[in-house]
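Trainee: Show me how the following folds:
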Amino acid sequence: MPVVVVTDSTASLPPEVAAEHGIVVVPLQVVIGAEVHDEGSPEATPARLAEALRAWTPVSTSRPSPSAMLAVYEEAAREGATEIVSVHLSGDMSGTFESAQLAARDSPVPVVTVDSRQVGVATGYAALAAAEVVARGGSAAEAAEAARARAAASTSLFYVDTLEYLRRGGRIGAAAALFGGALAVKPLLQIEDGKVASLERVRTSARALGRLEEIAVTAAGEAQVDVWVGHLANAERAAQLVERLAGRLAPNLAGPDGDRDIWCGELGAVLGAHVGPGMIAVCVAPRL
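Mentor: Here you go, the predicted structure:
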């Protein structure tokens, strides 16, 4: 394996998909009360996180340290890697990319770091794009370029019941949270240039899901795409959205390798800590 692709747990890749493509996943940490757990561990399940958030138990998150990231690079080198591509969530949202940059300085093999400028599975799709280039014999530089291109082409949308969790985590301004709460609106948000940005405000959850559907279909256009629907403690509405999108995007999902399903899953603990229970997200990632 001359080139290895590394990403972080917020990329939301199913473990079997990461393993199939040889992608190494570095966990972030979630702090629930006084307990610190790696994302993906049995102690940091989405259900436990949602319960803690509803009870207003203090919840925070932590990036991997540079030393933890370096240990991953060193292990990859020991196993035969000659180059590494390290693809991570937006540097404006987390210090994870900075940890990767610092670790790269001391890595025994060259590391190309990629700030996806995205959050969630859009980063995961970027890592998959890099892995596909590597599988075809491409270099680390070529794989990194593919990751950046796919991340830039992806659309990440989400709906939250309240902006309070984003405000508490410093991901959105206090004024926006106050404005949303005062009007009892349902905020639709997007990732824009690596940051959370307001998209629309609607009055009901049903209207919010309808707008997510419409915007996702528009974003897909006539391109071949991968689509992901995520949620935190909102499985029924997520399933409804998957069903509607599957019907409307069927031509976009039928690729040369056969029909592709829309991924649907519960959001990991780290991202979930910042958006709160009830959240629904959609990512539309064109296949470049």
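Trainee: Now do whichever helix or strand residue 102 is part of, average pLDDT.
Mentor: Element membership of residue 102, judged by DSSP states H and E, is helix 96-106. Across helix 96-106, pLDDT averages out at 98.
Trainee: And for stretch 192-203?
Mentor: Mean predicted confidence for stretch 192-203 is 89.
Trainee: just to revisit the earlier point, state the next helix or strand along the chain beyond the helix holding residue 102.
Mentor: From helix 96-106, the next helix or strand downstream (DSSP H and E) is strand 111-115.
Trainee: the inter-axis angle of that next one versus helix 96-106?
Mentor: 170 degrees (axes from the mean of the first three to the mean of the last three CA atoms, to 10 degrees).
Trainee: partner strands of strand 111-115, parallel or antiparallel?
Mentor: strand 83-88 (parallel) (DSSP bridges).
Trainee: how far does the partner strand sit from the chain's center?
Mentor: Taking CA atoms, centre = their mean, to the nearest Å, the mean C-alpha location of strand 83-88 is offset from the chain mean by 16 Å.
Trainee: residues of it that come out buried?
Mentor: 83, 84, 85, 86, 87, 88 (16 or more other CB atoms under 10 Å). Any C-beta I mention is one placed from the backbone N, CA and C, and that applies to glycine too.
Trainee: Please name the residues that touch the second one.
Mentor: Each residue near residue 84 by CB atoms under 8 Å, 6 or more residues apart in numbering is listed here: 3-6, 73, 76-77, 104, 107, 109-112, 140.
Trainee: so what's it bridging to?
Mentor: Counting by DSSP bridges, the residues bridging with residue 84 are residue 4, residue 111.
Trainee: What residues sit buried inside the helix or strand where residue 16 lies?
Mentor: Per DSSP H and E, residue 16 falls inside helix 15-20. Neighbour-count burial for helix 15-20, counted by 16+ other CB under 10 Å, picks out residue 18.
Trainee: any idea of the mean pLDDT for it?
Mentor: Per-residue scores along helix 15-20 average to 95.
Trainee: can I get the CA coordinates of it in CSV?
Mentor: Taking C-alpha atoms only, helix 15-20 is exported to CSV below (Å, rounded to 0.1, in the frame of the first residue of the first chain):
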residue,chain,number,x,y,z
PRO,A,15,-16.9,1.1,9.3
GLU,A,16,-17.3,-1.6,6.6
VAL,A,17,-17.0,1.1,3.8
ALA,A,18,-13.8,2.5,5.4
ALA,A,19,-12.3,-0.9,5.7
GLU,A,20,-13.2,-1.9,2.1
